[in-house]
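**Q** Model the following, please.
(one chain, ligands or ions: 1)
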Amino acid sequence: MHEDVERILLTEAQIQAGIDRVAREVTAVYRGQAFTVVSVLKGSCVFASDLIRRIPIPLELAFVSASSYGEGVESGRLEVNFFPAESEIQGRDLLLVDDILDTGRTLSRLVDEMRRRGARSVRTCVFLDKPARRATPLSADFRAFEVDNLFVVGYGLDFAGHYRNLPYVGALKRECYERPRSAAR
Ligand code: XMP
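**A** Numbering: from 1, shown residues only. Now for the predicted structure:
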């Protein structure tokens, strides 16, 4: 896996420092208020699990699963595979946590759906923000890092299902995303 990474963009130490900062920001906003962190699977599970352990106030945890069916490194048609239970959404203050805000289609759709299903408030928190690719007016309420317009993997982010377990964030070598999917390591 490591040999497929062109260069490391964020080291483990940088990631932990960024998450400490975001956790403090989230804590300041939600102190004294019940809220639910909704982790967008699969990509945000690593970020969400580190983030919540740095937030020293009461919170609940829920999951939503969305997949965008695109070719290679392009995001395409979005499908929501499952939502939290009605009781976890209605009247709740939700913090949607995702791995990356890219075109913004995933989070825009999920924010709209959560409001439609009766959430009292919905904020967004992303590990990475790639503003160069935005196709919707959404901006995240909290973000750990901004990244350039590169396809990145690691720390929950995948290519063709792989690389989520890299402890850092790296840019993938071009030949890795240009070779057939079945050959990805
Ligand atoms: P948007 O904001 O375009 O993001 O709806 C959709 C989903 O696409 C994935 N994504 C990436 N995954 N490296 C990845 O591993 C990337 O650079 C990247 N850009 C987008 C991600 O799952 C996001 O939630």
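
**Q** Would you indicate which residues of the helix-or-strand element of the chain with minimal mean pLDDT are buried?
**A** None of the helices or strands of the chain scores lower by mean pLDDT, DSSP states H and E than helix 174-178, at a mean of 84. Neighbour-count burial for helix 174-178, with 16 or more other Cβ atoms under 10 Å as criterion, is recorded at Cys176, Tyr177. (C-beta placed from N, C-alpha, C; glycine too.)

**Q** ditto for stretch 42-58
**A** Going by 16+ other Cβ under 10 Å, stretch 42-58 has these buried residues: Lys42, Gly43, Ser44, Cys45, Val46, Phe47, Ala48, Asp50, Leu51, Ile52, Ile55.

**Q** Over to stretch 6-15?
**A** Buried, per 16+ other Cβ under 10 Å, within stretch 6-15: Leu9, Leu10, Ile15.

**Q** Mind pulling the model confidence for the closest residue to the second one other than its chain neighbours?
**A** So the one you mean is Leu10. Residue nearest to Leu10 in three dimensions, not counting chain neighbours: Val169, with 4.1 Å by Cβ to Cβ, 6 or more residues apart in numbering. On pLDDT, Val169 comes in at 98.

**Q** same question, Val73
**A** Per-residue pLDDT puts Val73 at 66.

**Q** ditto for Ala183
**A** For Ala183, the model assigns a pLDDT of 48.

**Q** from the buried residues of stretch 6-15, which are also near the ligand?
**A** The subset of those lying close to the ligand, counting by Cβ under 6 Å from any ligand atom, is empty.

**Q** out of the residues you listed, who's nearest the ligand?
**A** Closest approach between the buried residues of stretch 6-15 and the ligand, by Cβ to the nearest ligand atom: Leu9, at 10.3 Å.

**Q** returning to what we had before: quick one: is the least confident helix or strand of the chain near the ligand?
**A** No. Using Cβ under 6 Å from any ligand atom, helix 174-178 stays clear of the ligand, with a minimum separation of 9.7 Å.

**Q** Output that helix in PDB with nothing but the alpha carbons.
**A** Extracted in PDB, the C-alpha atoms of helix 174-178 (Å, rounded to 0.1, in the frame of the first residue of the first chain):
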ATOM      1  CA  ARG A 174      -1.200   8.300 -11.000                       C
ATOM      2  CA  GLU A 175      -0.600   4.800 -12.300                       C
ATOM      3  CA  CYS A 176      -2.600   3.400  -9.300                       C
ATOM      4  CA  TYR A 177      -5.800   5.100 -10.300                       C
ATOM      5  CA  GLU A 178      -5.300   4.700 -14.000                       C
END
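
**Q** Make 529 the first number, not 1, from now on.
**A** Done: numbering now begins at 529, and the last item shifts to helix 702-706.

**Q** my read: Asp686 touches Val697, true?
**A** No. With contact defined as Cβ atoms under 8 Å, Asp686 does not reach Val697; the gap is 11.9 Å.

**Q** Cool, thanks, talk later.
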